[in-house]
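Chemist: could you look at this predicted model? Sequence included:
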Amino acid sequence: MSNFSNQIRLSSSLLRRLKRKTTTGNPLLLLTRSFTTTEGHRPTIVHKRSLDILHDPWFNKGTAFSMTERDRLDLRGLLPPNVMSSEQQIERFMHDLKRLQVQARDGPSDTNALAKWRILNRLHDRNETMYYKVLIANIEEYAPIVYTPTVGLVCQNYSGLFRRPRGMYFSAADRGEMMSMVYNWPADQVDMIVVTDGSRILGLGDLGVQGIGIAIGKLDLYVAAAGINPHRVLPVMIDVGTNNEKLLKDPLYLGLQDHRLEGNEYLAVIDEFMEAVFTRWPNLIVQFEDFQSKWAFNLLQRYRNTYRMFNDDVQGTAGVAIAGLLGAVRAQGRPMIDFPKQKIVVAGAGSAGIGVLNAARKTMARMLGNNEVAFESAKTQFWVVDAKGLITEERENIDPDALPFARNVKEIARQGLCEGASLEEVVKQVKPDVLLGLSAVGGLFSKEVLEALKGSTSTRPAIFAMSNPTTNAECTPEEAFSIVGENIIFASGSPFNDVNLGNGRIGHCNQGNNMYLFPGIGLGTLLSGSRVISDGMLQAAAECLAEYMTEEEVVNGIIYPSISRIRDITKEVAAAVIKEAIKEDLAEGYRDMDARELRKLNKEEIVDFVKNNMWNPEYPTLVYRED
């Protein structure tokens, strides 16, 4: 280690000892001691110079390299002489973005959104810091580009859009080699992996290896929203084949052109991957993304008590839906404790639908006393409709995950319903407070279904058309407001514009986006040091989001905040997750903040702890050192 590094370490150590002697229990001084290394503001040691560093997006600053850095890194003469600030760089990029947006299109099939994605992706390829600075500053505009709905279009066309690799690919052909393969990734520390097998990308079905786009997009939001250091994230595709016949016959397809592995062969690949990544990076968090339903629940139960992992489709979607459902209760002028009285019709019994049902049932049970009787009572508030109609105990070959919500035949007969009753019939007879769509079937909430909802017993019925992308939404906000009436709550999974109701009135379209929760869940888990992600931590995240909105906002029908506030939302959600981890005695601490000191912090101090550990896109000072 250099003398300079030793001096820094010595002075930091001395500072800590001095502050220990002067804190005398003062939590503010304790807080200062714990936050001496704000994320993203430490000098960075690099082992490359000259053109090599200009070609490395992790460290490239382009024209923002100072003259001293140009000398230190052998860059003098390789860049134009004018040293520009990051603000000037962004201004130049934004000017080019507007100018090139149309020119970048590859033809009629290349939409403006896809053209924007292509331009942003090129920036990502050459300068990561500037890319995230642009993304954070324009998050409301660009979140739909790097995430839903445009990411769906990207995944569908990924083989043609592929220019340079990003992330890692583990395939069925790599069995027995993954433990060594994982060391091919250059980062010695990885905090977050988003992994998919491409089997159910959004509502678009099996896209095989092209599903890597969803993992890349999710991690962009982890960086932008949660401040996870981009040097410590890793998108992963596990290619176990595809059952998409079009891809199997496409000579340009980049993945294995074999049908998907099943059963124990499939599990063996996922097991090997999990063992490999956690062996190299023991403190890692893995988010499972867009696995088909039959594997989503299986893998969640298989790993959740052993590894730091969660499934965003099952648990993240559920949390965002719960926050919205609780917000809808508030919007009706009732306390959230009245949630167990809500009658909810759910359209869709896939991984997302069942995940929401389980979470909503647990939330109701907790409010009713958190015992077995409450848990049994809560399930009677749900009517689940899938492609075959209303699910009852008469259903043959019923999915085990849906079985707890199958309605008793005699009971529903009194409501004029039977096994397989249509969605319209169920809505008409139940008169629900909430119509919740997680079906991935665009237009499922037809005019007839929405007309039936006008008979709801609720003073302000809620319509949640949560399926992604936009084309799969069960209905549009215009349809909902025009058919059911102005006095409704509307939420969707993908972004829609608000509806002008005339006379200065606005029908608010709330986007129930998973990005409100998963970045905060990941960041809170990381900073708490919890070894698992418990149901309580997920519940705390959802309730934090539900409580984030003011009374004035929910009365006006706004139950989710603006995406422009995403970093503040994530900070609060992460703090709630940490607080719950401490409460459940799961927290083991992070860096200098060990579990004992973490437990001493009050709510405000936990929020500050989170804020000071969020990476910001500022160019670090680069120091060259030979390998």
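Modeler: It's in. Numbers count the residues shown, from 1 in each chain.

Chemist: how much space separates the spatially closest residue to Lys61 that is not a sequence neighbour from Leu51?
Modeler: For Lys61, the nearest residue in space outside its immediate sequence neighbours is Tyr619; the separation is 5.0 Å by C-beta to C-beta, 6 or more residues apart in numbering. Glycine gets a C-beta too; all of them are placed from N, C-alpha and C. According to C-beta to C-beta, to the nearest Å, Tyr619 and Leu51 sit 19 Å apart.

Chemist: those two: which has the busier surroundings?
Modeler: Tyr619 (22 against 11; other C-beta atoms under 10 Å).

Chemist: now do the contacts for Asn358.
Modeler: Neighbouring residues of Asn358 by C-beta atoms under 8 Å, 6 or more residues apart in numbering: Ala318.

Chemist: list the residues that contact the residue nearest to Lys61.
Modeler: Tyr619 sits next to Lys61, Ala64, Ser86, Thr129 when contact means C-beta under 8 Å, 6+ apart.

Chemist: and for Ser86?
Modeler: Applying C-beta under 8 Å, 6+ apart, the residues contacting Ser86 are Ala64, Thr129, Met130, Lys133, Glu618, Tyr619.

Chemist: Ile391 now?
Modeler: Residues near Ile391 by C-beta under 8 Å, 6+ apart: Ala349, Val384, Val385, Ile398, Ala402, Phe405, Ala406, Arg407, Glu419.

Chemist: confirm the first one sits in a strand?
Modeler: Going back to what we said before, that points to Ala349. No - assessed with DSSP: H, G, I helix; E, B strand; the rest coil, Ala349 is coil; it does not lie in a strand.

Chemist: just to check, it is in contact with Asp399?
Modeler: Yes - Ala349 lies in contact with Asp399 (C-beta atoms under 8 Å); the separation is 6.6 Å.

Chemist: so which of the contacts of Ser86 are in helices?
Modeler: Using DSSP state H, the members of these that fall in helices are Thr129, Met130, Lys133.

Chemist: with pLDDT added, can I get those residues in CSV?
Modeler: Output for these, formatted as CSV (pLDDT from 0 to 100):
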residue, pLDDT
Thr129, 95
Met130, 94
Lys133, 95
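
Chemist: write the PyMOL selection for whichever of those are buried.
Modeler: Applying 16 or more other C-beta atoms under 10 Å to the ones in helices among the contacts of Ser86, the buried members can be selected in PyMOL as follows:
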select buried, resi 129+130+133
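
Chemist: which one of the ones in helices among the contacts of Ser86 is nearest Ser562?
Modeler: Lys133 (19.9 Å; C-beta to C-beta).

Chemist: show me where the stretch 201-350 of the chain has its strands.
Modeler: Under the criterion DSSP state E, counting those that start in this stretch, the stretch 201-350 of the chain contains strands at 233-239, 285-288, 309-311, 344-347.

Chemist: neighbouring contacts of the first one?
Modeler: Counting by C-beta under 8 Å, 6+ apart, strand 233-239 makes contact with 166-172, 185, 187, 190-198, 208-209, 211-212, 215-216, 218-219, 222-223, 255-256, 269-270, 273, 277, all of which sit outside it.

Chemist: same check, this time on stretch 59-66
Modeler: 44, 46, 48, 53-54, 69, 73, 75, 79-80, 82-86, 89, 126-130, 619, 622.

Chemist: contacts only, for the residue lying closest to Glu478 once chain neighbours are set aside.
Modeler: Ranked by C-beta to C-beta, 6+ apart and with sequence neighbours excluded, the top spatial neighbour of Glu478 is Val499, at 5.6 Å. Contact analysis of Val499 by C-beta under 8 Å, 6+ apart lists Pro477, Glu478, Phe481, Ile506, Gly507, Cys509.

Chemist: and if we set it to 10 Å?
Modeler: Taking C-beta atoms under 10 Å, 6 or more residues apart in numbering, we find Val499 in contact with 476-482, 486, 490, 505-509.

Chemist: which among the residues you listed end up buried?
Modeler: If we count by 16+ other C-beta under 10 Å, the contacts of Val499 have these buried: Thr476, Pro477, Glu479, Ala480, Phe481, Phe490, Gly507, His508, Cys509.

Chemist: can you list the weak-confidence ranges in the chain?
Modeler: For the chain, the stretches with pLDDT under 70 are 1-41, 96, 99-111.

Chemist: what do you get if the cut-off is 50, keeping everything else the same?
Modeler: Applying pLDDT under 50 to the chain flags residues 1-37.

Chemist: the stretch 401-550 of the chain: strands as residue ranges?
Modeler: 434-437, 462-465, 489-492, 499-502, 505-507, 509-511.

Chemist: so who does the nearest residue to Glu626 once chain neighbours are set aside touch?
Modeler: Take Glu626 and drop its neighbours on the chain: the residue closest to it by C-beta to C-beta, 6+ apart is His47, 6.8 Å away. His47 sits next to Ile53, Tyr624, Arg625, Glu626, Asp627 when contact means C-beta under 10 Å, 6+ apart.

Chemist: which element is the first one on?
Modeler: Read that as Ile53. According to DSSP states H and E, Ile53 maps onto helix 50-54.

Chemist: in the helix or strand following that helix, which residues are buried?
Modeler: Downstream of helix 50-54, the next assigned helix or strand under DSSP H and E is helix 67-72. By neighbour count with 16+ other C-beta under 10 Å, helix 67-72 contains the buried residues Glu69, Arg70, Arg72.

Chemist: dump the residues you listed into CSV; add distance to Lys583 as well.
Modeler: Shown next, in CSV, are the buried residues of helix 67-72 (distance: C-beta to C-beta, whole Å):
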residue, distance to Lys583
Glu69, 46
Arg70, 51
Arg72, 48
